[in-house]
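A.B. asks: Sequence and predicted structure, then a few things I'm wondering about:
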Amino acid sequence: MKSMKGLAFCLLSLLAGESIAQVNIPRYDTTGLNGNHDLHLPAWGPYSKGYAGISHIPELKSGKRFDFSVLPGYYRNKILVPNVRFESSYFPWNVKEDLSKIVYRYELEWKDQVYTDVTYQLIDPSTVLVSVHCVNNTALPQNLSLNLVGSVSYPENYGLFTLQHDNDAKWYNAVGYRSVSYAVKKPTDNLVTDGWMRGEVRDQGLIEGRGIGQGFGRQAGDKLEYEVNFPQDAVQGRLLLVYTMKSGKGSALQLSGLLNQRVDFKPSDTLAIAEIPFTAGKDRQRLAITSLGGGDIVLNGFALTTSKGPVRIVPATISKSPVTEEDPKAHTLLLKYRDIPMYYGITWDQEPSRIRTIQNDELDIYMREVTHNHVSKVLKGNMKGEYANVFIRPVELQPFSSQTCTALISYGPKDSVLATLTKNTPLQTRFAAQLKDTISAVKGILPEGAPYLFTNKMLKSALFSNIVYPIYTQGQYIRHFTPGKWWNSLYTWDVGFIALGLTTADSLKLAIDCLNAYLTPPGSQSAFVHHGSPVPVQVYAFLEIWNKTQSKELLSYFYPGLKQYYEFMAGRYGSSTTNVLQSNLLKTWDYFYNSGGWDDYPPQVEVHKRQLEKSVTPVITTAQVIRMAKILRMAARALNKTADLEEYDKDIQRFSTALQRQAWDAGSGYFSYMLHDSSGRATTFFKDPRSGDNFNKGLDGAYPLVAGICTPAQQEGLIDKLFSPRHMWSPSGITVVDQSAPYYLADGYWNGAVWMPHQWFVWKTMLDLDRSDLASKVAMKGLDVFRRETDASYYTFEHFLASTGRGAGWHQFSGLSTPVLAWFAAYFKTGTITPGFEIWINEQAFNGEYTEYKAAISFDQATAPHKRAMLAGMNPAFDYQATFNGKPIAIARMAKGVLQLTLPATNKSGTLLIRKK
């Protein structure tokens, strides 16, 4: 990926006003994206869901992972176990975007009195250098200990059984169907949670840990169809159906295709086999299984065989105990795990040391219990897990001194690993250059941005360390970003914000991967990969990617998937139930309890409390779909898809009219949740039953502002609500609920707290409305609140209490907090261009010195012409002037080098030119 500086165009062509088309825009190869939801990252990375360190993925498709961690402590005293699932005194300290270097800080004595910085550095695809820099900043000598621990991890729902048969039998997992249909249709038929296959269940009690269930067999007419390969020269065969049926009620299936036969299933709480001898029919490549009704069946799969040999279900044991080869004198330890193809090896340079085995599943409590057992070679715990352990002790530190210990991890064939480990040169000599190497500081930062550099580094480090493996989706195991390692799944709106953050963290490639993980090809069973709040942040992430790359390849590749996503949100794709009411007001309660990410938003809570999901609509869903349509309309225009433009225009008009005519409550000054009658017509505003106030005094009620559909009076009133200290502007930024509302709380999760994501939407909207002053107010408040907390605690918290600004929630959060990265880049980084939602950059380039910028720009033509603002990070050494289509435009200076531009009130495309005076 090339930076914007890499797109610099010749100064002479700029002065001559020549076309920007001659700029060399890099091409993006999308072939590696098709059908792949994984991230393009090394096999080594911070992927553990247990303890912070470095992990290795031997085979991506297997779901297995090797984890290596360093547990520092005081010798024969306190030990620090860096559990990623709760606060444990370690911090992602500095992480390179490509994961080639990862630094964690372990605070043994707060704050930076006694600590270790553990660095994992990728030497080559098979080798990682580990350095542990131990620091004593106290007046007393310190004796530290280091436990290096390695273990293997299996994926969740790893099948504990397998099918034992002769070589003639062929196994088909039930999830590998050609088609599936249920007699009773469900809203989720075309939006299966987590991107699983329709009907899929996952359970370690199944062979391969997955099968088909979700009520299959209950209704007559449920149907599965498979492509099979039965030998053409065979006549007789056996079909062995593997299933469980815990309902206590029998069920029957009709088989057709390869064989035509009825099968009656008997209830079974454990895996059972229904054996059906058959004479093959003419259709030897198809097997259809149709329910005749009865109890719920979990169909694990089936085997086809022509032999009479036995077929049995047998345990598939998990083996976490390696075969080890130790050489204490050479400081080497080899590990061979049964289910991993090759060897792991460890060498280290510190004495005294001891090789041990820890036989326990968790280390948090157990290692504290056995910290005084410094004699045993095998620490026998509950025997449910096993860690290879190199125990180094003591590491002596004199007052105000430091010492670095090093180790090396290698993976590969045995001889290769041994050759890597057993060099005669000491590690610190052999890797002297790597040990001196540091992670480069962010370039192009204006002096005013210096106070925020530490915050930026810590949030980026949290972002790049919050990657886990394995995550399961679309039939594959993948590496995937998570908002925090407490959450072990996909999160559509959170990771949409992660993609947005990646676009401002010099990681466009990963932003593209992140977007790609949630999109599916046209006609897919699931319209997109969904988990959690259905806020379509992916379309905003794409707009950011486009406005940074102008890649026609990415536009052509992503547009069909984004349009399918939109069609589902608008109520037109497959099983979507978002638009089933006559009012044309949209709702997504069938897919998640949370409409906008705000878990305890008062009217949302009340809807579920009173079970009004079928009759009450929020505002945000319709507003988001309108803005989504406007963004995709700009994309369709760039692709010359005329028919799509007409479709978007109709939707924008229809949904805008629905909100304006039915949901606007002039009395409260907010758009309202709406109650509907049995015919689907909007009838009354949804009100707080205790006070009688409109229940939507909050950000949901202001979201038509983000959609760009407000009247001038509504716009003025809602802006006043957002920035008034009486309403939503708190000492820490914009709250989610109006502080004057009777249902505002000071102790809620969202209600009474300040979060960054919806403030990002407001920030971008203020740029669209040419209110750069208010955009800056949002951004700088967010930066200051985040900085104060991170400087104090080293944490990158989830949210902030409105009254005090102190952080709360997950302590190493990166998902919804990434707007902080965007604000930092927009206001303090040279070479950053920041528009709102209504500007589409067709071409752009800086010159090499960032003293001139030229761009071909078009606008959101679905919104009436009005003035819009942009931010431009220029060389701070000069003053500037700007023109649009040759005419001067208003320009104001913020921090040195950051310009606020006001574009004219037009929807006609044109050329923006910024040059030094």
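C.D. replies: Received it, and whenever you're ready, just let me know what you need. These numbers come from a predicted model, not from an experiment. Residues are numbered from 1 along each chain as shown.
A.B. asks: Now stretch 910-917: buried residues?
C.D. replies: Residues 910-915 are the ones in stretch 910-917 that count as buried (16 or more other Cβ atoms under 10 Å). The C-beta positions use only the backbone N, C-alpha and C, and glycine is treated the same way.
A.B. asks: Sorry, slip of the keys, the one I care about is stretch 765-778.
C.D. replies: 765-772, 774-778.
A.B. asks: that older thread, got CSV for the buried residues of stretch 910-917, with distance to residue 88 too?
C.D. replies: Formatted as CSV, the buried residues of stretch 910-917 follow (distance: Cβ to Cβ, whole Å):
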residue, distance to residue 88
910, 55
911, 54
912, 50
913, 53
914, 48
915, 53
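A.B. asks: From these, which land in strands?
C.D. replies: 910-915 (DSSP state E).
A.B. asks: what's the following helix or strand after the lowest-mean-pLDDT helix or strand in the chain?
C.D. replies: For the chain, using mean pLDDT, DSSP states H and E, the weakest element among its helices and strands is helix 11-16, scoring a mean of 36. Sequence order places strand 44-45 as the next helix or strand after helix 11-16, per DSSP states H and E.
A.B. asks: Which other helices and strands does that next one contact?
C.D. replies: Here strand 44-45 touches strand 54-56, going by 3 or more Cβ pairs under 8 Å, 6 or more residues apart in numbering; DSSP states H and E.
A.B. asks: mind checking how far the strand it packs on is from the chain centre?
C.D. replies: 19 Å (Cα atoms, centre = their mean, to the nearest Å).
A.B. asks: what do you get for stretch 396-414?
C.D. replies: Taking Cα atoms, centre = their mean, the mean C-alpha location of stretch 396-414 is offset from the chain mean by 33 Å.
A.B. asks: List the buried residues for that stretch?
C.D. replies: 397, 403-412.
A.B. asks: out of those residues, which are inside helices?
C.D. replies: Among those, no member is found in helices (DSSP state H).
A.B. asks: So what sits opposite the residue nearest to residue 835 when sequence neighbours are not counted in the bridge?
C.D. replies: Closest residue to residue 835 apart from its sequence neighbours, by Cβ to Cβ, 6 or more residues apart in numbering: residue 870 at 4.9 Å. Per DSSP bridges, the residues bridged to residue 870 are residue 901.
A.B. asks: Quick check: which element contains residue 843?
C.D. replies: Going by DSSP H and E, residue 843 is in strand 839-846.
A.B. asks: my read: residue 476 touches residue 61, true?
C.D. replies: Yes. Under the criterion of Cβ atoms under 8 Å, residue 476 makes contact with residue 61 at 7.0 Å.
A.B. asks: neighbour-wise, which of these two wins?
C.D. replies: residue 476 (16 against 9; other Cβ atoms under 10 Å).
A.B. asks: Look up the residues forming beta bridges with the more buried one.
C.D. replies: Under the criterion used (DSSP bridges), residue 476 bridges to residue 473.
A.B. asks: can you give me the helices in the stretch 351-500 of the chain?
C.D. replies: 366-369, 414-421, 427-430, 432-436, 453-465, 492-503 (DSSP state H, counting those that start in this stretch).
A.B. asks: With respect to residue 759, which of those lies nearest?
C.D. replies: helix 492-503 (11.5 Å; Cβ to Cβ).
A.B. asks: pLDDT on the closest one, on average?
C.D. replies: Average pLDDT, helix 492-503: 96.
A.B. asks: Surely residue 607 is in a helix?
C.D. replies: Yes. Assessed by DSSP: H, G, I helix; E, B strand; the rest coil, residue 607 belongs to a helix.
A.B. asks: Which parts of the stretch 651-800 of the chain are helices?
C.D. replies: 699-707, 712-723, 757-768, 772-793.
A.B. asks: hey, which of the ones you listed is tucked in deepest?
C.D. replies: A comparison of these by mean neighbour count, using mean count of other Cβ atoms under 10 Å, puts helix 699-707 on top with a mean of 27.
A.B. asks: what is the orientation angle of that one with helix 757-768?
C.D. replies: 30 degrees (axes from the mean of the first three to the mean of the last three Cα atoms, to 10 degrees).
A.B. asks: quick one, what contacts residue 617?
C.D. replies: Residue 617 makes contacts with 581, 583, 585-587, 663, 673-674, 676, 682, as judged by Cβ atoms under 8 Å, 6 or more residues apart in numbering.
A.B. asks: Identify, from these, the entry nearest to residue 201.
C.D. replies: residue 587 (27.6 Å).
A.B. asks: The residue most central in space within the chain: what's its closest spatial neighbour, skipping adjacent residues?
C.D. replies: Central residue of the chain (Cα atoms, centre = their mean): residue 495, 3.2 Å from the mean position. Excluding the flanking residues, the one nearest residue 495 by Cβ to Cβ, 6+ apart is residue 481, at 5.4 Å.
A.B. asks: pLDDT wise, what is the residue in the chain sticking out farthest from the centre at?
C.D. replies: Among the C-alpha atoms of the chain, the one farthest from their average position, using Cα atoms, centre = their mean, is that of residue 235, at 51.0 Å. Note on residue 235: pLDDT of 92.
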